[in-house]
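*Asks:* would you be able to build a 3D model of this:
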Amino acid sequence: MAGRCELLPNVFEGYVGYACYLIVEGQKTQVCWYERFPTHTFTLAAEKAGKPVLICGFVRDIALPKQDLSATSLSLNINPLPEPMPAMPEANNENAVETLSNELKALEKTLLEASKDNAGKTTRDLILVQNRLYAQLESLSWLQRRLAIKGQLPPLRGWATSPDVLLRLHTHIMATRPKVVVEFGSGASTLVIADALRQNGVGKLISIEHSEHYGAQSLATLQAERLEGWVDLRIGDLEAWEGEHLNADDAEKPSCWYPVSLLEGVENVDLLWVDGPPGATCLFSRYPALPALADKLSLTAEVWMDDTIRQEEKDICERWAKDHGFELEYYPLEKGLGRLTRPVASYVALAPKPLTVSNDDVHPEHALGLDFSLPEEKC
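*Replies:* All right, here's what the predicted structure looks like:
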């Protein structure tokens with residue numbers, strides 16, 4: 001234990017001395033005077049360890065030794081000193097060094113492997129992002145080739161439908177030539193669907209939107225491309241949904257959906273594209289789409305759900321498939337796509353029976369008792 005006394009500068013002038021001593025169990029001990037080096041080390045005997053100790057010190061003028069100028073004290077407890085460890089034999093020292101060396105090498109190896117794993121994971125993540133970005137750029141390039149529009153597409157990031165889904169949607173419509181398409185949630189998909197219908201020369205898109213703002217944007221885009229004639233854009237504020245819903249009755253956000261009145265006159269829907277309302281509306285906000293249109297679908301109708309990388313949309317699709325007899329398939333696109341189709345047996349009509357042609361139908365002269373058949377027909 002070391003104690004140090006220092007005189008504050010400019011407090012005293014002249015020749016002064018310092019003193020320090022200990023009081024252990026009321027007994028003054030180890031008094032030390034010094035003048036030039038105000039530092040002193042105190043050493044306590046082992047039996048004093050753990051006893052309360054008071055460190056005292058004061059300063060006095062050398063010319064007036066009986067007059068103390070300043071004094072202070074500090075009390076503390078001294079913990080027992082740890083027992084010294086016995087010296088290890090030389091052989092044990094060598095073993096310890098070897099053990100420590102091996103542990104350091106193992107630690108170095110572990111750190112190196114962890115560094116490689118982290119680097120490998122970072123590399124894999126970068127490759128994954130690169131591949132996803134390339135897939136979207138490739139899909140966008142093919143989509144632009146297929147479209148017959150003069151202007152540019154709306155931004156396809158953020159909430160918008162991703163290029164890979166739009167490409168698949170455009171390709172499907174041109175291949176299947178649907179007569180009636182219904183979409184919930186207008187935007188880039190409205191333009192893409194309308195373009196496919198115009199190229200087909202047949203079909204109508206009924207676009208249901210809740211926002212006046214986004215509805216106006218969609219209409220302006222259609223008008224700029226002279227596609228408004230292929231789209232029936234219907235806008236209405238979301239309202240309470242009274243039918244069955246996956247959202248709980250006591251949910252924080254009550255079930256809301258598009259006004260059912262917007263579906264007036266909709267019949268024989270060949271393709272239902274569901275990309276609204278927004279997920280923040282309520283839990284399972286897109287669920288009412290199929291229940292509301294179940295009796296308005298054609299026999300070969302398909303239902304497409306965007307954003308099936310989200311669990312809510314997957315839960316909705318699986319419930320739809322179960323309740324309405326659809327087969328469900330997921331496509332691993334950027335934001336996910338769920339496709340519901342009817343089982344083939346449910347809509348393939350029985351082929352008409354072939355007409356039975358009698359011999360009399362081929363040779364009506366038989367009715368008159370005549371036979372004009374060729375010799376090979378009589379064999």
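*Asks:* how long is stretch 174-187 end to end?
*Replies:* End-to-end distance for stretch 174-187: 19 Å, by Cα to Cα, to the nearest Å.
*Asks:* ditto for stretch 229-248
*Replies:* 40 Å.
*Asks:* is I23 in a helix, a strand, or coil?
*Replies:* Judged by DSSP: H, G, I helix; E, B strand; the rest coil, the three-state class of I23 is strand.
*Asks:* how many neighbours does it have?
*Replies:* 16 (other Cβ atoms under 10 Å). Where you see a C-beta, it was placed from the backbone N, CA and C, and this is true even at glycine.
*Asks:* ok, what's across the strand from it?
*Replies:* Per DSSP bridges, the residues bridged to I23 are K28, L54.
*Asks:* now do the helices in the protein.
*Replies:* 90-146, 163-176, 188-200, 212-224, 289-293, 311-324, 344-347, 359-362 (DSSP state H).
*Asks:* which one of the ones you listed lies nearest to V182?
*Replies:* V182 sits nearest to helix 289-293 of all the helices of the chain, at 6.7 Å, using Cβ to Cβ.
*Asks:* and the closest one, what does it pack onto?
*Replies:* Contacts defined by 3 or more Cβ pairs under 8 Å, 6 or more residues apart in numbering; DSSP states H and E place helix 289-293 against strand 269-274.
*Asks:* so which bits of the strand it packs on are buried?
*Replies:* Buried residues in strand 269-274, defined by neighbour count with 16 or more other Cβ atoms under 10 Å: V269, D270, L271, L272, W273, V274.
*Asks:* swap in stretch 290-304?
*Replies:* L290, P291, A292, L293, K296, L297, S298, A301, E302, V303, W304.
*Asks:* same list (those) but as CSV, adding distance to T190 and pLDDT.
*Replies:* What follows is those, written out as CSV (distance: Cβ to Cβ, whole Å; pLDDT from 0 to 100):
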residue, distance to T190, pLDDT
L290, 20, 97
P291, 23, 97
A292, 19, 97
L293, 18, 97
K296, 20, 97
L297, 20, 97
S298, 21, 96
A301, 19, 97
E302, 18, 97
V303, 18, 98
W304, 14, 98
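*Asks:* of those residues, which is the nearest to L238?
*Replies:* The closest of the buried residues of stretch 290-304, once distances to L238 are taken by Cβ to Cβ, is A292, at 13.2 Å.
*Asks:* now do the contacts for that closest one.
*Replies:* Contacts here follow Cβ atoms under 8 Å, 6 or more residues apart in numbering; on that basis A292 touches G243, W257, V260, L263.
*Asks:* least confident pick among those residues?
*Replies:* Minimum pLDDT for those is recorded at G243 (92).
*Asks:* isn't it right up against A289?
*Replies:* No: using Cβ atoms under 8 Å, G243 is not in contact with A289; the gap is 11.3 Å.
*Asks:* between these two, who's got more neighbours?
*Replies:* Between G243 and A289, counted using other Cβ under 10 Å, the more crowded position is A289 (26 against 11).
*Asks:* that one reaches W273, doesn't it?
*Replies:* No: counting by Cβ under 8 Å, A289 does not reach W273; the two are 9.4 Å apart.
*Asks:* for the protein, which residues score under the pLDDT cut-off?
*Replies:* Segments of the chain classed as low confidence (criterion: pLDDT under 70) are 1-22, 26, 28, 30-50, 53-94, 345-379.
*Asks:* how about a cut-off of 50?
*Replies:* 1-13, 36-37, 74, 76-81, 348-357, 362, 377, 379 (pLDDT under 50).
*Asks:* okay, and the beta partners of I206?
*Replies:* Here I206, judged by DSSP bridges, has bridge partners V182, D232.
*Asks:* and it, how far from L293?
*Replies:* The gap separating I206 from L293 is 10 Å, by Cβ to Cβ, to the nearest Å.
*Asks:* who touches both of those two?
*Replies:* V182, V266.
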